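>>> could you look at this predicted model? Sequence included:
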Amino acid sequence: MMSSLLDWFIQPDVITAIVAFGSMGLFFVGLFGLLTQRHLIKIFISISLMEAAVFLYFLGTIFHRELTAPILGDGHTAFTGMNDPIPHAMILTAIVIGMALFALGVSFAIEYYKLTGRTDINKMKEMGE
Amino acid sequence: MNFKRDIPVRTYSGFALSALLVLTILTILLQSSVEKIERAGDKLLGINAQEGVANAVTSVVVYFRGFDTLGEIAVLFIAALGIGLMVSSHKSAQRHKEESNFILQTASKLLFPFITLFGVYVMIYGHLSPGGGFQGGVIIASGVLLLLISYQNFEVPHALITALETLAGISYVLIGLLGLWILDHFLGNFLPSDISDMGMLISGGIIPLIYIIVGVKVGSEMSMIVQNLIQRSDDE
Amino acid sequence: MSSIYFVALPLLFGFAVPLLTKLGKNGVAYTSTLMQAGLFILASTLLISTSWHVEIIAINPPLGISFVLNEASLFFVTLFTLLMMSFSFYYMGLRKTDPYENENKFFILINMLLASSIGLVLSSDIFNIYVFFEIAGISAYILSAYKKTPKALEAGIKYLLTGMIASVFLVFAIALIYIHLGSLNLAVLSEHFVTLPHDTKFLIGLLLFLGFGFKVEIFPLNFWVTDVYEGSSAPVDALFSAIVVKAYLFVFFHILYLFLPNSEYAAFLIYLGAISMLVAEIIALKQSDLKRVFAYSSLGQIGFIFSVMAAGSSEAVTAAFYIVLAHSLAKMMIFLSIASIEREHKSSQISTLTTLNSPFLKVIMVIAMLSLLGIPPPLGFTGKFLALKSFTVSGEFIVLAMIIVASLIESIYYFKITGALFAKGERREKLSLTFSQKGVFGILALALVVIGIAPWLISGFVHDASQVMLDSAAYLQTILGASK
Amino acid sequence: MTGLIILATFVSMIVVAFASVTQKSLPDAIILFMGVGLGSVILFYLFQAPDVAMTEAVISAGISSLIFLMALKHLGEES
């Protein structure tokens, strides 16, 4: 019985469904944090959660469990039976861009806190409306 | 959008709204069947052999889609510049904190060489094993961060780091322009790269060269970012 | 002469700035202005020699990334380089008395903004467009928070947050596109996009709309724009409203016409643009700060361009090109004159205009406002006239009414401003403008009036540009055919 | 088997992320965010993407969380 349960989990479309539910759950937590939290750092965390959820969904739906990572072992020269490397390249770039924006946002938040002592997004009403 | 009422109403409405949005997205995602079609990456895997690079992801990041990496390096460069601008006003503040404890100092003295060695390894072997410029650069920056935390008077050598960063940036764009002048394709692989020396250290033409330059640039920029942020937070 | 220099040279300049500082105090400033002038000359030679071709990067499309040069993209590239060159010449005069804190960083950022706006317009690969989306974004966030005052920092934080949210939606859209269509090249995507099931197409379209919607400043998503314009300094606002927004507008409609050629959503977008114009003009009425007024007027004009561009007929897109040209030139003139006023009078309220004593600036602002309102002789009239004609031809009378009402509201607060400009009352001493600043204003005003009086100078070219923009089959053929 | 591990990692990531977002004290929120980073490293490894797993490990569990903790030195402990 146990092995049939494990086999059921192996099937590709089951894994894709798990990935879809899991990453959208993470996306939901990020979106929820974005809409309800008011502290700047919390908002940055929520946006990063949303971004991580998108990357997990992207890779989780596109990978094939039976194919290997797109890297050759020693001595081989044929790139066959491998996963698609382009999503890896895209996500690699997007993660580093996300981190750069993240660090910039943190430095903006520090400077703003130094000048006004506030980190609450709602109370940022310097400008006349 | 500033709710005057107390928190719970805002949380519940936020909860309900985001739940609704995500559920609609989820239903659409689950309905759309993802059939196994031949994507651009599989075509690239076919071409990749003649570049002689064992790590297909590195050849995609640096050569096939090298322009994205150049753009991405520009993003990191601007971010480091912006953070430097934001915290530059207090550069002169002396860091008068008390010496951190002895255990941390000896541990970091022991660990720093290995972290840097590992970072350099990841950078140089980027085209053979998983890893590469970005990962290597950030590992080296985390080593520098360890020193910054444990030694109060440790300062990242500003002149050396800026020189390294400038040199790396200029050589990256020049390699790209060389590809343009020699092969008429910007970022073209003008150095010899054939399948025979797959897996050797010197393989894949300009690909390992670019990834090491990327590593140097990312490493120096991240240490500048970390230095600025530590400098900033010590100004109490 | 390859079009890669538009991106490679600014990047090379940015990376080499620590070396350029060795050339003396003004080394960086002069190199940057010289380079921008060179890029403008490169753009105009490419334009005049009508060398429409595909610039391949690393490997051939459709697997590799490539720049596509055709009438539409080169129209925008030449416009951006002209505007940035005139901005630099203007800034040469401003920096003598009121330089930015550490100025080298300012020059790096404006060059990165130029390179990424041009990259957005030329690139034919959707993930490459995302990377340029981020470069343009991050340089704009730092430029808006440059003065480090509480207002500027709040503007920077708000701009950064909306930018990060927009980029999450854009990455999600690109992920779905790659999962279902297997390619990133715009030409291949435009070929297969219609084959997708309806709701996946709807989801990808919605995510792309959200991703670009924040940056295109269209009605429901432009709540953050006026705070950013008020918080950042006036010269930076000139760059935002003249260059950055136009690049995002072009990419938005470039992708819309490639993916959904004559789609049923066009009607919705037309109304959205018209509503956005109406709402922006109404709110602009009760503003007292000059930068805020012209920020709302920018939102209104961009809503107008949006609804005309969304109409999708060749006459409408030609009219949209005229309006884009007129709006960019006029907004650059207005925001740069506000910069001079703000530097001299230390405040940008409308009331300060009553004490302004610079006949030259008054003439410049009047010409710009005439163009924005659509009153001849400046170019704004041709654009608005063609747009309204195309709407009457296509029978969109409700949209027509909304646009006419919005233009009337717009004229109210423009007359309020002109009234303040020419009001009687004691005037402060004469506002000093250097020769290069006067030259810049002169060239921009001249361009507005001359093309306004004789639109036939560029009408042939603009008509071809709109044809090329609408024709996705030709775009597909140029990319797939190109394999040098 | 991998399906089970993926499910377990996703569930724990969602729980940790929800705790991190609704946490009152900021240092705890950031440490929980590191946990979510760790979870995504495991998942990227399971999705046959070692490069991405290494980048995610170095960045989300490494540098960006440390940048956060340094920012906390004067952004105050409470949200």
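That came in fine, so what should we check first?

>>> so which strand or helix has the residue nearest the centre of chain B?
Ranked by distance to the mean C-alpha position of chain B (C-alpha atoms, centre = their mean), the top residue is B:Phe134 at 3.3 Å. Under DSSP states H and E, the secondary-structure element containing B:Phe134 is helix B:133-150.

>>> tell me the helix or strand right after that helix.
Tracing the chain past helix B:133-150, the next element assigned as helix or strand by DSSP H and E is helix B:158-183.

>>> list the buried residues of that next one.
By neighbour count with 16 or more other C-beta atoms under 10 Å in any protein chain shown, helix B:158-183 contains the buried residues B:161, B:164-173, B:175-180. Every residue, glycine included, has its C-beta placed from N, CA and C.

>>> chain center to it, what's the gap?
Using C-alpha atoms, centre = their mean, to the nearest Å, the distance from the centre of helix B:158-183 to the centre of the chain it belongs to is 16 Å.

>>> touching chain C at all, it?
Yes: contact between helix B:158-183 and chain C is present through B:162-163, B:165-166, B:169-170, B:172-174, B:176-177, B:179-180 (criterion: C-beta under 8 Å from any C-beta of the partner chain).

>>> re the thing from before, distance check, the residue nearest to the centre of chain B against chain D.
As judged by C-beta to the nearest C-beta, to the nearest Å, B:Phe134 and chain D stand 6 Å apart.

>>> shouldn't that residue be in contact with B:Lys217?
No: in this structure, B:Phe134 sits apart from B:Lys217 without contact. The criterion is C-beta atoms under 8 Å, and the distance is 9.9 Å.

>>> work out the gap between stretch C:73-82 and the centre of the chain.
The gap between where stretch C:73-82 is centred and where its chain is centred comes out at 10 Å by C-alpha atoms, centre = their mean.

>>> and the contacts of it?
C:3, C:6, C:36, C:39-40, C:42-44, C:46-47, C:52, C:114, C:117-118, C:121-122, C:243, C:246-247, C:250, C:321, C:324-325, C:328, C:461-462, C:465 (C-beta atoms under 8 Å, 6 or more residues apart in numbering or on different chains).

>>> what's near enough to touch B:Gly126?
Taking C-beta under 8 Å, 6+ apart as the criterion, B:Gly126 is in contact with B:Asn55, B:Thr58, B:Gly132, B:Gly133, B:Gln135, B:Gly136, B:Pro208, B:Tyr211, B:Ile212, B:Gly215.

>>> I'd like the residues you listed as TSV, with pLDDT appended.
As requested, the contacts of B:Gly126 are arranged in TSV below (pLDDT from 0 to 100):
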residue	pLDDT
B:Asn55	85
B:Thr58	89
B:Gly132	85
B:Gly133	87
B:Gln135	91
B:Gly136	92
B:Pro208	87
B:Tyr211	90
B:Ile212	92
B:Gly215	93
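
>>> out of those, which touch chain A?
B:Asn55.

>>> ok, of the contacts of B:Gly126, which one's closest to A:Thr36?
For these, the residue nearest A:Thr36 by C-beta to C-beta is B:Gln135; the value is 34.5 Å.

>>> nearest residue to the closest one in space, please, no chain neighbours.
Nearest residue to B:Gln135 in three dimensions, chain neighbours excluded: D:Met54, at 4.8 Å (C-beta to C-beta, 6 or more residues apart in numbering or on different chains).

>>> likewise for C:Leu189?
Counting by C-beta to C-beta, 6+ apart, the residue nearest C:Leu189 is C:Leu181, at 5.6 Å.

>>> and the gap between the one you found and chain A?
Distance check for C:Leu181 against chain A: by C-beta to the nearest C-beta, it reads 12 Å.

>>> neighbours of that residue, how many?
Each residue near C:Leu181 was counted by other C-beta atoms under 10 Å in any protein chain shown, and the total is 22.

>>> over to D:Ile59?
Using other C-beta under 10 Å, the number of residues around D:Ile59 comes to 25.

>>> any idea how far C:Thr81 is from the residue nearest to it when sequence neighbours are not counted?
Distance criterion C-beta to C-beta, 6+ apart; nearest residue to D:Ile59, sequence neighbours excluded, is A:Met99 at 4.9 Å. In this structure, A:Met99 and C:Thr81 are separated by 32 Å, where distance is defined by C-beta to C-beta, to the nearest Å.

>>> surely C:Thr382 touches C:Tyr322?
Yes: counting by C-beta under 8 Å, C:Thr382 does reach C:Tyr322; the two are 5.2 Å apart.

>>> doesn't C:Ala387 make contact with C:Ala320?
Yes: applying C-beta under 8 Å, one finds C:Ala320 in contact with C:Ala387, separated by 7.1 Å.

>>> for those two, list the residues in contact with both.
Applying C-beta under 8 Å, 6+ apart, one finds that C:Ala320 and C:Ala387 are jointly contacted by C:Val308.

>>> flag every buried residue along the worst-scoring helix or strand of chain A on mean pLDDT.
Of all the helices and strands that make up chain A, the one with the lowest confidence by mean pLDDT, DSSP states H and E is helix A:2-10; it has a mean of 76. With burial defined by 16+ other C-beta under 10 Å, the residues of helix A:2-10 counted as buried are A:Phe9.

>>> next SSE downstream of it?
Scanning the chain past helix A:2-10 towards its C-terminal end, the next helix or strand to appear is helix A:12-36 (assignment: DSSP H and E).

>>> tell me the mean pLDDT for the helix or strand just after that following helix?
Next in sequence after helix A:12-36, counting helices and strands by DSSP H and E, comes helix A:40-62. Along helix A:40-62, the predicted confidence averages to a pLDDT of 93.

>>> what about helix A:40-62, near chain D?
Yes: applying C-beta under 8 Å from any C-beta, one finds that helix A:40-62 is in contact with chain D at A:Ile41, A:Lys42, A:Ile45, A:Ser46, A:Ser48, A:Leu49, A:Ala52, A:Phe55, A:Leu56, A:Leu59, A:Gly60.

>>> within reach of chain C, which of those are there?
Intersecting the residues of helix A:40-62 next to chain D with the contacts of chain C gives A:Phe55 (criterion: C-beta under 8 Å from any C-beta).

>>> point out where the chain drops to low pLDDT.
This is for chain A. When the per-residue scores of chain A are filtered using pLDDT under 70, the ranges that remain are A:75, A:125-129.

>>> looking at chain D here, not the other one
Across chain D, the ranges flagged by pLDDT under 70 are D:74, D:77-79.

>>> where's the residue lying closest to B:Leu174 once chain neighbours are set aside, which helix or strand?
In space, not counting the residues next to it along the chain, B:Leu174 is nearest to C:Leu12; the distance is 7.7 Å by C-beta to C-beta, 6+ apart. With elements delineated by DSSP H and E, C:Leu12 resides in helix C:5-20, which encompasses its position.

>>> that helix - contacts with which helices or strands?
Under the contact definition 3 or more C-beta pairs under 8 Å, 6 or more residues apart in numbering or on different chains; DSSP states H and E, helix C:5-20 sits against helix B:66-87, helix B:158-183, helix C:27-48, helix C:103-122.

>>> quick check: A:Gln89 touching B:Asp68?
Slight slip there: residue A:89 is Ala, not Gln. Yes: in this structure, A:Ala89 is within contact of B:Asp68 by C-beta under 8 Å, at 7.4 Å.

>>> any common contacting residues for those two?
Common contacts of A:Ala89 and B:Asp68, defined by C-beta under 8 Å, 6+ apart, comprise B:Val61.
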